[in-house]
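Colleague: 3D model of this:
(one chain, ligands or ions: 2)
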Amino acid sequence: MAYADLRAFINVLEKEGELKRITAEVDPHLEITAIADRAVKSNGPALLFENPKNHSIPVFINGFAGTRKMELALEVDSVESIAARIAEYLEMKTPQGLMGKLKMLPKLAEMGSFFPREVTSGPVKEVIKKDGFSLYDYPVLKCWPQDGGPFITLPLVFSKNPITGKRNVGVYRLQIYDERSTGMHWQTHKQGAEHYRRRLAEGKEERMEVAVAIGSDPATMFSGILPLPPDLDEMLFAGFLRSKPVELVKCETVDLEVPANAEIVLEGYVKLGELRTEGPFGDHTGFYSLEDEFPVFHVTCITQRKNPIYATTIVGPPPMEDYYMGKTIERVFLPLMRLQLPEVVDMCMPAEGIFHNLMILSIRKSYPLQARKVMSAIWGLGQAMFTKCIVVVDHDVNVQDLREVAWKALNNIDPERDIQFVLGPVDQLDHSSRLPNYGSKMGIDATRKWPGEGFTRPWPDVIQMDEDVKKRVEGICKQLGI
Ligand SMILES: Cc1cc2nc3c(=O)[nH]c(=O)nc-3n(C[C@H](O)[C@H](O)[C@H](O)COP(=O)(O)O)c2cc1C
Ligand SMILES: [Mn+2]
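Modeller: Ligands and ions are numbered 1, 2, ... in the order given. I've put the predicted structure just below:
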């Protein structure tokens, strides 16, 4: 049963012992995030702050901050089962004969249920504020000491591609500037920024309409961070994840639709050409992102529930809540990646690599230099283009075991021969690249080298004891307590 909304998810977290309600007064200025940081680092529960200082709206944080919470959010026993569901669709063959076609009907019907559905109203329309509202009425957190102000950190930002008319949803943070305006931190490679550039180039309008939904059912919230191809609707993917259509309502003042079950929706526009200093912000790299120029979001209307819950997150030195969201993406997208790269056995993006700094891939190598081909493909694959370091190992290395990867990779490489540098676009948050968005990447081919790759020396086996010897000494070991 798909969650109706955020509060249905909060109830389940509570029932499962994965939620803590905090009735004590806690300050949205640094204190809530200090507690949330400690909670995620100690594998603690999601937190519902019922009494944020100077505010009447509760703050929900860390809802996705753990493997079990992610499973509850997506209603699965293991996120691997989502990958299996995707693989099932990808493997769907042309049906043979009438029986084959009939057998496919339930699957096709299920697919039909993923598409978002437009409804005429919903809880998010309980209160409509067209004037007299202020963003300061919401308990928006200042996360880290050097942050430029309070930031909305988990917003679903809705916009439309002016050419195709297709919807995009991305999670882009919003720095509160004043009662009615915020920063719009869509990074240059993201779809919101692309929509903005296209409208600016068209020069037909002065404004780009934007709507921001805060707090929704967990699958819908999670879908905002998915690295989907441009023009693939995040709301369709959310429908797939929850096996139920996302219900959308029309906004009051802009030509966009938002989830009817949202807690809070900000409607407004970005003025084309208007930029303002955004940041600094304690970012998910674990460092502060420095100040930079970004568009400004002007809020013209707020719609919300009577008693909304403000959903947010904190990013910072890993692991944080976004690590668990990213790990889920890694698991869910593996079968999709395998469509293009069938040699890939598994992949791992360790927490310390902040998604894009390190990707370890194991491959079943069938021809010379295949590891290099895989690196090139990753650097050309959507947001995987940001991957700063790629390590490719053979299929028999468990990439989820970082000690095994380090041991085998370091033994296997002749650095001058096996390390490849390329230039390419880098994540806008990278503080080390020579220019913003312009830098280099490194690929390490840590697979066994073949004669066909010019390696003519014999390649040694990994040391392993004989199974029968291990069995034979088991008794002695037990006696010795070893
Ligand atoms: C908590 C959190 C905050 C994020 N903040 C931003 C942000 O401020 N700007 C940005 O461009 N991407 C941000 N992202 C990443 C995007 O949401 C992600 O790259 C997404 O796939 C973009 O969608 P798009 O391809 O539709 O643009 C954030 C992700 C998470 C999990
Ligand atoms: Mn998108």
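
Colleague: OK, contacts around the closest residue to ligand 1 within the stretch 251-400 of the chain?
Modeller: The nearest approach of the stretch 251-400 of the chain to ligand 1 comes at Asp322, 4.1 Å away (Cβ to the nearest ligand atom). For every residue, glycine as well, the C-beta is placed using N, CA and C. Asp322 makes contact with 225, 284, 313, 315 under the criterion Cβ atoms under 8 Å, 6 or more residues apart in numbering.

Colleague: same deal with Lys190?
Modeller: 170, 172.

Colleague: please repeat the previous calculation with a cut-off of 6 Å.
Modeller: By Cβ atoms under 6 Å, 6 or more residues apart in numbering, the contact set of Lys190 is Gly170.

Colleague: tell me how far it lies from Met184.
Modeller: Relative to Met184, Lys190 is positioned 11 Å away (Cβ to Cβ, to the nearest Å).

Colleague: which strand or helix spans Val270?
Modeller: Element membership of Val270, judged by DSSP states H and E, is strand 264-278.

Colleague: can you give me how far that strand is from the chain middle?
Modeller: 23 Å (Cα atoms, centre = their mean, to the nearest Å).

Colleague: what is the rounded mean pLDDT of the helix or strand just after it?
Modeller: Counting by DSSP H and E, the element after strand 264-278 in chain order, helix or strand, is strand 281-282. Strand 281-282 shows a mean pLDDT of 98.

Colleague: ok, whichever helix or strand comes after strand 281-282 near ligand 1 or not?
Modeller: Following strand 281-282 in sequence order, the next helix or strand is strand 288-289 (DSSP H and E). No: applying Cβ under 6 Å from any ligand atom, one finds strand 288-289 separated from ligand 1 by no less than 8.8 Å.

Colleague: quick one: strand 288-289 to chain centroid distance?
Modeller: In this view, strand 288-289 has its centroid 19 Å away from the chain centroid, taken as Cα atoms, centre = their mean.

Colleague: for it, the averaged confidence score.
Modeller: Over the span of strand 288-289, the pLDDT mean works out to 98.

Colleague: name every strand pairing with that strand and say which way it goes.
Modeller: In the sheet, strand 288-289 lines up against strand 281-282 (antiparallel) (DSSP bridges).

Colleague: quick one: the helices in the stretch 351-482 of the chain?
Modeller: Secondary structure of the stretch 351-482 of the chain (DSSP state H, counting those that start in this stretch): helices at 370-379, 402-412, 415-418, 467-480.

Colleague: could you dump the longest one to PDB, C-alpha only?
Modeller: C-alpha atoms of helix 467-480 as PDB (Å, rounded to 0.1, in the frame of the first residue of the first chain):
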ATOM      1  CA  GLU A 467      39.200 -26.800   1.200                       C
ATOM      2  CA  ASP A 468      40.000 -30.300   2.400                       C
ATOM      3  CA  VAL A 469      43.000 -29.100   4.400                       C
ATOM      4  CA  LYS A 470      40.800 -26.500   6.000                       C
ATOM      5  CA  LYS A 471      38.200 -29.100   6.900                       C
ATOM      6  CA  ARG A 472      40.900 -31.400   8.300                       C
ATOM      7  CA  VAL A 473      42.300 -28.800  10.700                       C
ATOM      8  CA  GLU A 474      38.900 -27.600  11.900                       C
ATOM      9  CA  GLY A 475      39.000 -30.000  14.900                       C
ATOM     10  CA  ILE A 476      42.500 -29.000  15.900                       C
ATOM     11  CA  CYS A 477      41.600 -25.300  15.600                       C
ATOM     12  CA  LYS A 478      38.500 -25.800  17.800                       C
ATOM     13  CA  GLN A 479      40.700 -27.500  20.500                       C
ATOM     14  CA  LEU A 480      43.200 -24.600  20.300                       C
END
